[in-house]
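Enquirer: Structure for the following, please:
(one chain, ligands or ions: 1)
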Amino acid sequence: MAFAKSLSKLAANVNSESGATLTVDLAAIAANWRELVRRLRSVECGAVVKANAYGLGLEPVTGALARAGCRTFFVADLAEARRARAAARDAVIYVLNGFAAESATAFIETGARPVINAATELAEWEAFAIKHDWRGGAALQVDTGMNRLGISGADAAAIASRAESDNRGIALVMSHLACAEIPDHPLTTAQIRRFGEVRALFPKIPASLANSAGIFLGDAAHCALARPGAALYGLNPTPQRPNPMHNVVELTGRILQLRTVERGDTVGYGATWTAKRTTRLAVAALGYADGIPRAKTGDAAGAHKAYIAGQQCPFAGRISMDLVCLDITDLPEGAARRGDPVTCIGAEIPVDAVAASAGTIGYEILTRLGSRCRVVYRGLRDGNA
Ligand SMILES: *Cc1c(COP(=O)(O)O)cnc(C)c1O
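Expert: Below you'll find the model as predicted:
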């Protein structure tokens, strides 16, 4: 027994069965939520957990945030609403992608609220709510300039008096900012002004405008409820300034093999990388199937690096599906050994930096993590997480 137990403990630590490991720090997510709560002062802070909580696991993330005190969650669709409900029994759950008559009863089953995004949806929702005497509530999204989802300001004005008096109807009026993370963007100013007009139409109904970056725009964007996603997961909501959020994820692989190549030898698919000197390589179990972007990992300027034993190492050649090669020539002899961890996303190489080197945004990197690799949650036993 004791032997089996110690063996399984060992397996969990060295992770010799699987390749890459994604570590998600739930305590850091809860700390990020509390940091946003602090900045919002008396304004409620919800949480956006759509897309499997930005790739990090909808149930554990929702559970951790509910335990931290979050009461309102936003998901994209009903399948996600069911998962969020399982993790947060008493929470308010909004479904961003709206309402469709065919799936209406699922809103009753899950106790979720649709975000009504069009006049036709509103008519269907009202017919449904009257027929079932359903008082679960809904949000009304008004478009203020993003031109994605939401009814027009004119339609909002037309239904305003009805929505205010109907207690089975609208529990939240919301809009979404298109450029919140771009300082002083004129569209942000216009959207805040237009949303002010919308709020005046619905004076008794709580309002919500700010995503993560919107929280950092100050009081004018705060309204009654904020809807952060990205900042909870450690992405920088203020890209022009240092990141005020805690790092949440770490992606590591393990060194499978060390090898030495001679000057002039090439490494990897397409033979795109040529050794300029006798080069020591570490081949690690970590690839694009684990979520590291294949773009910009060569030795060119702007390429992203990995860490071994706390030291930066450049990638040598293309990222394969399951493997990477790292140039460890400049590491001290013996600093990298078979079985040692290689970190390619973490506190030293945040998701935002990896995204920048691959020509994309942190959101895309995050949502692609964890589909193959082993996912480990930290901070689960912390009472605050
Ligand atoms: C995704 C989303 C959010 C969260 O945005 P972040 O930039 O991740 O904070 C908020 N509101 C709506 C409508 C969204 O679609």
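Enquirer: Which pLDDT value goes with the residue most central in space within the chain?
Expert: The geometric centre of the chain, computed from its C-alpha atoms, lies nearest to Y54 (C-alpha atoms, centre = their mean), at 3.0 Å. The model reports Y54 with a pLDDT of 98.
Enquirer: With I130 instead?
Expert: You'll see I130 listed with a pLDDT of 89.
Enquirer: Dump the helix or strand containing it to CSV, keeping only the CA atoms.
Expert: Using DSSP states H and E, I130 sits within helix 119-131. Provided in CSV are the C-alpha atoms of helix 119-131 (Å, rounded to 0.1, in the frame of the first residue of the first chain):
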residue,chain,number,x,y,z
ALA,A,119,-35.8,42.8,-31.2
THR,A,120,-37.0,39.3,-32.5
GLU,A,121,-35.3,37.6,-29.5
LEU,A,122,-37.1,40.0,-27.2
ALA,A,123,-40.5,39.1,-28.7
GLU,A,124,-39.7,35.4,-28.5
TRP,A,125,-38.5,35.7,-24.9
GLU,A,126,-41.6,37.7,-23.9
ALA,A,127,-43.9,35.1,-25.5
PHE,A,128,-42.0,32.3,-23.7
ALA,A,129,-41.9,34.0,-20.3
ILE,A,130,-45.7,34.7,-20.4
LYS,A,131,-46.6,31.2,-21.5
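Enquirer: Now the element after that helix, going C-ward?
Expert: Counting by DSSP H and E, the next helix or strand C-terminal to helix 119-131 is strand 138-141.
Enquirer: which helices and strands sit right next to that next one?
Expert: Helices and strands touching strand 138-141, by 3 or more C-beta pairs under 8 Å, 6 or more residues apart in numbering; DSSP states H and E, are strand 113-116, helix 119-131, strand 170-174. For every residue, glycine as well, the C-beta is placed using N, CA and C.
Enquirer: about what we covered before: residues touching the helix holding I130, excluding its own?
Expert: Residues outside helix 119-131 that contact it (C-beta atoms under 8 Å, 6 or more residues apart in numbering) are 98-101, 104, 114, 116, 134-136, 138, 140, 151, 155, 159, 166, 168-169.
Enquirer: Can you tell me how far the nearest residue to D143 once chain neighbours are set aside is from T367?
Expert: Among residues not flanking D143 along the chain, G150 sits closest, at 3.4 Å (C-beta to C-beta, 6 or more residues apart in numbering). Between G150 and T367 the computed distance is 23 Å (C-beta to C-beta, to the nearest Å).
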